[in-house]
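# Please work out how this folds:
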Amino acid sequence: MNIKVLLADDHRILREGLVVLLDKQPDITVVGEAEDGRATVQLTRKLLPDVVIMDVSMPELNGIEATRQIVTEVPGVKVIALSMHSNKHFVKGMLKAGASGYLLKHSASRELVKAIKVAMTNQIYLSPEIAGVVVEDYKSPAPDTSAFAKLTPREQEVLQLIAEGKLPREISASLNLSLKTVEAYRRQIMDKLGCKSYADLVKYAIREGLTSLDY
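Predicted structure coming up:
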């Protein structure tokens, strides 16, 4: 069986390294690459890969929401998170969104091929460090106060685009919403989060991992 893989990461050098790693496998083929979350969802619909390797923090649409959309819209596709973040709300967010695995970028060379093959057997693969985070959260659960719990998926999308410096008309075009609707979402988000300014929204989005200063 040949496993078709789509790579989603906004860092080209990392994607190139993963292509080299996966091309050495006789039963794995990289069928596409994406550098933002929205493109990842679109390419998944078009290419129908078996597995998507998904960075958690990406521009346009974060990996958690991209995963949720893919799992909902393209049944059967496995998503494996490949991230530098071991924070439990990223891990929980990806697993709740439907990811079939979560590993850290520094262990990709050792674990990625195994994670892909485990996911293809309908099991979940977790790096040892990530498994520890999941077990600890299971033993001592705490209320989820992250943006992923406070905001709806659409509100998260709008907040991420605001934090990335997009103008209202750009958000309107990107999400196919009217300017009036975009403004209504902005007010809802500020009310829910208790933010008083755009600067507060940007700080919140960065802290919660909805966006990054790298973009």
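
# packing partners for the longest helix anywhere in the chain?
Longest helix in the chain, counting residues (DSSP state H): helix 179-193. Based on contacts counted as 3 or more Cβ pairs under 8 Å, 6 or more residues apart in numbering; DSSP states H and E, the elements that helix 179-193 packs against are helix 147-150, helix 153-163, helix 168-175, helix 198-208. Bear in mind the C-beta positions are built from the backbone N, C-alpha and C, glycine included.

# Of all the ones you listed, which one is nearest residue 39?
Residue 39 lies closest, by Cβ to Cβ, to one member of those: helix 168-175, at 11.7 Å.

# Highest mean neighbour count out of the helices and strands packed on helix 179-193?
helix 153-163 (a mean of 22; mean count of other Cβ atoms under 10 Å).

# That helix to helix 179-193, inter-axis angle?
100 degrees (axes from the mean of the first three to the mean of the last three Cα atoms, to 10 degrees).

# Which residues does helix 153-163 contact?
The set of residues external to helix 153-163 that reach it, using Cβ atoms under 8 Å, 6 or more residues apart in numbering, is 60-62, 65, 68, 147-148, 151, 170-171, 174-175, 182, 185-186, 188-189, 192, 198, 201-202, 204-206, 210-211.

# Specify the angle between that helix and helix 198-208 in degrees.
Using the same axes, to 10 degrees, helix 153-163 lies at 110 degrees relative to helix 198-208.

# and helix 153-163, how far out from the chain's middle?
Distance of helix 153-163 from the chain centroid (Cα atoms, centre = their mean, to the nearest Å) equals 13 Å.

# ditto for stretch 77-90
7 Å.

# For the remainder of this discussion, apply numbering that starts at 715.
Sure, I'll start counting at 715 from here, so that last one is stretch 791-804.

# pLDDT of it, averaged?
Stretch 791-804 carries an average pLDDT of 87.

# Endpoints of that stretch, how far apart?
Chord length of stretch 791-804, first to last residue, is 20 Å (Cα to Cα, to the nearest Å).

# what ranges do the helices span in the protein?
Remark: helices assigned in the chain by DSSP H are 726-737, 751-761, 777-787, 802-811, 822-833, 842-853, 861-864, 867-877, 882-889, 893-907, 912-922.

# Out of the ones you listed, which gets nearest to residue 769?
Closest to residue 769 of these, according to Cβ to Cβ: helix 777-787, at 5.5 Å.

# List every C-alpha atom in that closest one, with coordinates, as PDB.
Only the C-alpha atoms of helix 777-787 are listed here, as PDB (Å, rounded to 0.1, in the frame of the first residue of the first chain):
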ATOM      1  CA  GLY A 777      -3.700  23.800  12.800                       C
ATOM      2  CA  ILE A 778      -6.400  23.000  15.300                       C
ATOM      3  CA  GLU A 779      -9.200  24.600  13.200                       C
ATOM      4  CA  ALA A 780      -7.700  23.300  10.000                       C
ATOM      5  CA  THR A 781      -7.700  19.800  11.500                       C
ATOM      6  CA  ARG A 782     -11.300  20.100  12.600                       C
ATOM      7  CA  GLN A 783     -12.400  21.200   9.100                       C
ATOM      8  CA  ILE A 784     -10.500  18.400   7.400                       C
ATOM      9  CA  VAL A 785     -11.800  15.600   9.700                       C
ATOM     10  CA  THR A 786     -15.300  16.900   9.300                       C
ATOM     11  CA  GLU A 787     -15.200  17.500   5.500                       C
END
